[in-house]
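# attaching a predicted model along with its sequence, questions to come.
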Amino acid sequence: MIKTALKKVCSAFAICFLLAANPATADADTNDTLKQLYEMRTLTFAILSDYYMFSGLEGDSRYNREIESNVKQFEHRLSKITDSAAPTAKLASLAAALSEWQNFNRLLETNRADFLTQGYANARLVSELSNEGIALNKSLGKVYDALIEKSGIKLSELTQQTRAMGLIIQALTAEYAARSTSSLGQVNVITINDGGMENQGKNFTALLNKLKEQGANEKRIYKLVDQVEVKWEFIAKSIANYNENAVPFIVSSYGDRITSDLESINEYYTQNLQAKK
């Protein structure tokens with residue numbers, strides 16, 4: 001027992017020493033954890049969107065599988081950020097995020113089970129699911145901000161922009177799915193986007209224009225941004241006029257593609273341009 005304890009202590013000291021001796025490793029770990037947290041935030045909205053697609057399309061098996069897949073991805077990242085060696089392990093804000101996830105996941109399973117067994121879900125519990133999704137996103141955002149403050153790490157402006165855009169498009173997709181797939185869309189879910197969908201759409205367009213200007217001199221980034229712009233223009237009017245000719249499948253699909261394109265832009269910048277500086 002004593003030997004085992006000593007080994008653990010020595011191992012912890014060794015890790016601390018290595019990180020102190022090699023700050024690049026510590027920065028890499030912090031950057032990776034920040035990426036995990038960002039992806040967990042987008043997955044929260046994706047799960048919410050998938051649930052509304054699942055229920056609105058009368059228990060569509062495709063979206064049931066999407067929910068399960070996204071939950072697994074979320075939990076995989078959760079296991080990483082709660083690991084004792086993770087930079088987030090001792091952050092006070094992490095416990096709150098973990099609690100919010102447990103609440104969100106419990107409501108998700110309850111609403112799915114209700115729909116599968118009786119063909120409908122309790123409107124109040126669906127509203128609570130939406131509210132818990134918003135609370136979970138905010139809690140994860142607090143962990144993200146706390147890690148940046150604790151580490152003192154500086155994220156590039158492009159990284160900050162693409163991640164802000166990824167969160168906006170996923171929040172828009174979730175609310176659009178909620179509003180357009182069933183009468184439940186009229187329940188509290190209209191609070192998903194701060195300031196409303198129209199304002200968030202304008203924010204996305206403004207960030208997109210800024211991103212396009214920044215990438216004007218880099219062919220690969222400019223091409224990727226152009227792909228985002230084409231997809232956004234295709235769904236922007238539908239999102240602005242969500243009460244007319246609803247196309248939730250198209251908005252959901254394009255929203256996911258835009259999120260993927262934004263991550264590709266950030267990865268290319270990090271690997272090929274920022275590394276040269």
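Alright, I've got the coordinates. Treat the numbers as computed from the prediction; the structure is a model and nothing was measured.
# please count neighbours and contacts with C-alpha atoms only from this point.
OK.
# show me where the chain dips below the pLDDT cut-off.
1-26, 182-191, 273-277 (pLDDT under 70).
# show me where it has its helices.
For the chain, helices defined by DSSP state H occupy the ranges 2-21, 23-56, 61-81, 92-118, 123-151, 157-181, 197-214, 219-240, 248-268.
# mean neighbour count added to these, as a markdown table?
Output for the helices of the chain, formatted as a markdown table (neighbours: other CA atoms under 10 Å):
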| stretch | mean neighbour count |
| --- | --- |
| helix 2-21 | 12 |
| helix 23-56 | 21 |
| helix 61-81 | 16 |
| helix 92-118 | 17 |
| helix 123-151 | 19 |
| helix 157-181 | 23 |
| helix 197-214 | 16 |
| helix 219-240 | 17 |
| helix 248-268 | 19 |
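# tell me the centre residue of the protein?
Geometric centre of the chain, nearest residue: Thr42, 1.4 Å, by CA atoms, centre = their mean.
# give the contact list for that one.
Shown in contact with Thr42 (CA atoms under 8 Å, 6 or more residues apart in numbering): 166-167, 170.
# again, 7 Å this time
Thr42 makes contact with 167, 170, according to CA atoms under 7 Å, 6 or more residues apart in numbering.
# from Leu57, how far out is it?
22 Å (CA to CA, to the nearest Å).
# just Lys223 next, same as before
35 Å.
# same check on Tyr51?
With CA to CA as the criterion, Tyr51 and Leu57 are 10 Å apart.
# ok, Leu211 next?
36 Å.
# one more: Ala121?
Ala121 is 13 Å from Leu57, by CA to CA.
# go on, Ile239?
19 Å.
# just Lys202 next, same as before
29 Å.
# could you do Thr205 as well?
From Thr205 over to Leu57 (counting by CA to CA), the distance is 30 Å.
# ok, Asn105 next?
For Asn105 relative to Leu57 (CA to CA), the value is 21 Å.
# Val143 contacts Ser93, doesn't it?
Yes: with contact defined as CA atoms under 7 Å, Val143 counts as touching Ser93 (5.5 Å).
# what about Gly152, how many neighbours?
11 (other CA atoms under 10 Å).
# wait, I meant Gly195
Residues near Gly195, counting by other CA under 10 Å: 10.
# for it, phi and psi?
Note on Gly195: its backbone torsions stand at phi 80, psi 0 [degrees, to the nearest 10].
# now Asn245
According to degrees, to the nearest 10, Asn245 has phi 50, psi 60.
# excluding sequence neighbours, find me the nearest residue to it.
Spatially, and ignoring its direct neighbours in sequence, Asn245 is nearest to Ser238 (7.8 Å; CA to CA, 6 or more residues apart in numbering).
# now the one you found: how far from Asn70?
Taking CA to CA, one finds Ser238 at 25 Å from Asn70.
# now do the same contact list for Ser264.
Ser264 touches nothing, counting by CA under 7 Å, 6+ apart.
# swap the cut-off to 10 Å and go again
162, 221, 224-225, 258, 270 (CA atoms under 10 Å, 6 or more residues apart in numbering).
# distance check, it against Thr88.
Separation of Ser264 from Thr88 (CA to CA): 25 Å.
# repeat that for Asp114.
To Thr88, Asp114 is 35 Å away according to CA to CA.
# same deal with Ala236?
Taken as CA to CA, the span from Ala236 to Thr88 is 36 Å.
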